[in-house]
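Asks: Using only what follows, build the 3D model:
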Amino acid sequence: MIKRMHQWSGALLAVGITLLAACGPMPVASPSGSVGLSRAASSAPTQTLLVMPDAGPSGILAAIDAAKRTIDVEVYMLSDGGICDALTRAAKRGVQVRALLEPQPYNPGDPNKPIPTNSVTRKKMADSGVVFRWTNKESFTYTHQKSFVVDGAVAFIMTMNLSKAAMLDNREFIIIEKDPQRVKLVQQLFDADWSYTPFDAKNLGSLVLSPVNSRSQLTSLIESAQRTLVMEIEVFFDPAIFDLLAKKMKQGVVISVLLPSPKKIDFGLQTVAELRKRGVTNVRFIQAPMIHAKLIVADGARAYIGSINPTTNSMDNNRELGIILDEPGIVSKLVQVNVADWSKGEDFPATIQTRGRTVTKAPIDFEPIF
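Replies: Reported below is the predicted structural model:
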């Protein structure tokens, strides 16, 4: 088994390199780890990709510091001191700053006792001028979305919480979106959630929204794969998606799944066991950076990033946001990052002893699974 997995690993690395070449020449990334993209070289790019931890907090801080009128944040966890200070500065200079936070972040050590991170942040920022509200627990199991909008003109669609670990230790992806229609949709989503009213989820385009269309969007992306399917995911557990991967394997699609180290999130052992039952064996883990990203790439041409993990709860019960991408430069960069991460990966043990559906070790901002 180990020999076979190493053969698969070498084949996938070769596939990744081939996909990079097929995507065309790479745009030149800035020292911050960002890359601007556009279909037409003569037109201004509408999307920029940030890769953590390479990019660090500078892009987020610059956007907050540049705000003139409004900043609207909808995020699962807010704790980073630098970002909290930047939001406070914005509010003090007259920017309307609103923040929707999940009131009961999941605690893997004691699911009956939520992590108090957001309550602590609200208490610390009581005099900041930032207006806080808790997200709607009656409508969503968790609000796990990770986004913010500046001046109604720029939307940050992220895999990351606004925490120090997210920017300094984790593998994370951010799309800075300037397309007016997509930004308008993210702003309208925030406004609906802020007022606890239903969001009119028509014509979402490339946006992936839970619990509205994320299952259908992710299923369609996976179904579309004809040659390769790459997944770099923090947590992954959904029987329908497992079965779909088995189907794609039988169709000849080369599938790779990269997970965090089981020393950090041991639930990955359960995921690997379920995948192996279905014949999906090309699964690895890496120690660092900590994989908190949610990335799926089909045929090196179409990609998903966002807050949504391929878990039943994340797709069907939470408030979540992501985006489907097909800009060649962005997808090429995502493939490049995955190839580098995969090359550092380790094979899971040939024999795995699962511990049921209980997570015993996890980072402080571990995602809700069920």
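Asks: From now on I want contacts and neighbour counts done on CA atoms only, so please keep to that.
Replies: Will do.
Asks: for stretch 71-79, the distance to its chain's centre please.
Replies: Stretch 71-79 sits 14 Å away from the centroid of its parent chain (CA atoms, centre = their mean, to the nearest Å).
Asks: for stretch 51-66, same thing?
Replies: 16 Å.
Asks: Quick one: list the elements packing against the one helix or strand Arg182 maps to.
Replies: Assigned by DSSP states H and E, Arg182 falls within helix 180-194. Helices and strands touching helix 180-194, as assessed by 3 or more CA pairs under 8 Å, 6 or more residues apart in numbering; DSSP states H and E, comprise strand 70-75, strand 146-150, strand 154-158.
Asks: quick one, which of these is nearest to Arg302?
Replies: strand 154-158 (16.7 Å; CA to CA).
Asks: Give me the sheet partners of that closest one and which way each runs.
Replies: When pairing is defined by DSSP bridges, strand 154-158 lines up against strand 146-150 (antiparallel), strand 170-177 (antiparallel).
Asks: Can I get those strands in a markdown table including mean pLDDT?
Replies: Putting the strands paired with strand 154-158 into a markdown table (pLDDT from 0 to 100) gives the following:
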| stretch | mean pLDDT |
| --- | --- |
| strand 146-150 | 99 |
| strand 170-177 | 99 |
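Asks: In CSV: those, plus distance to Leu101.
Replies: What follows is the strands paired with strand 154-158, written out as CSV (distance: least, CA to CA, whole Å):
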stretch, distance to Leu101
strand 146-150, 10
strand 170-177, 19
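Asks: quick one: which of these is nearest Ser139?
Replies: For these, distance to Ser139 was read as CA to CA. The smallest value, 17.3 Å, belongs to strand 146-150.
Asks: Put the alpha carbons of that closest one into PDB.
Replies: Extracted in PDB, the C-alpha atoms of strand 146-150 (Å, rounded to 0.1, in the frame of the first residue of the first chain):
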ATOM      1  CA  LYS A 146     -15.500  34.800   6.500                       C
ATOM      2  CA  SER A 147     -15.900  38.100   4.500                       C
ATOM      3  CA  PHE A 148     -15.900  41.800   4.700                       C
ATOM      4  CA  VAL A 149     -16.900  44.700   2.400                       C
ATOM      5  CA  VAL A 150     -15.200  48.100   2.300                       C
END
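Asks: and it with helix 180-194, angle?
Replies: Interaxial angle of strand 146-150 relative to helix 180-194 (axes from the mean of the first three to the mean of the last three CA atoms, to 10 degrees): 110 degrees.
Asks: What are the buried residues along stretch 220-231?
Replies: Within stretch 220-231, the residues scored as buried using 16 or more other CA atoms under 10 Å are Leu221, Ile222, Ala225, Arg227, Thr228, Leu229, Val230, Met231.
Asks: try stretch 108-128
Replies: For stretch 108-128, by 16+ other CA under 10 Å, it's Pro108, Ile115, Thr117, Asn118, Ser119, Thr121, Arg122, Met125, Ser128.
Asks: Next up, the contacts around the spatially most central residue of the chain.
Replies: Nearest to the mean C-alpha position of the chain, by CA atoms, centre = their mean, lies Thr159 at 2.6 Å. By CA atoms under 8 Å, 6 or more residues apart in numbering, the contact set of Thr159 is Lys146, Glu172, Phe173, Ile174, His292, Ala293, Lys294, Ile305, Gly306, Ser307, Ile308, Gly322.
Asks: What count of nearby residues applies to Met52?
Replies: When neighbours are defined as other CA atoms under 10 Å, Met52 has 25 of them.
Asks: Count the residues that sit near the spatially closest residue to it that is not a sequence neighbour.
Replies: In space, and not counting its chain neighbours, Met52 is closest to Glu172: 4.8 Å by CA to CA, 6 or more residues apart in numbering. Glu172 has 27 neighbours, counted by other CA under 10 Å.
Asks: From what I see, Glu172 and Ala288 are in contact.
Replies: No - look at Glu172 against Ala288 with CA atoms under 8 Å: they stay out of range, at 12.0 Å.
Asks: got the buried residues for the helix holding Arg182?
Replies: Applying 16+ other CA under 10 Å to helix 180-194 flags Arg182, Val183, Lys184, Leu185, Val186, Gln187, Gln188, Leu189, Phe190, Asp193, Trp194 as buried.
Asks: Identify the residues contacting that helix?
Replies: By CA under 8 Å, 6+ apart, helix 180-194 touches 72-74, 100, 133, 135-136, 149, 152-155, 177, 198-199, 204, 207.
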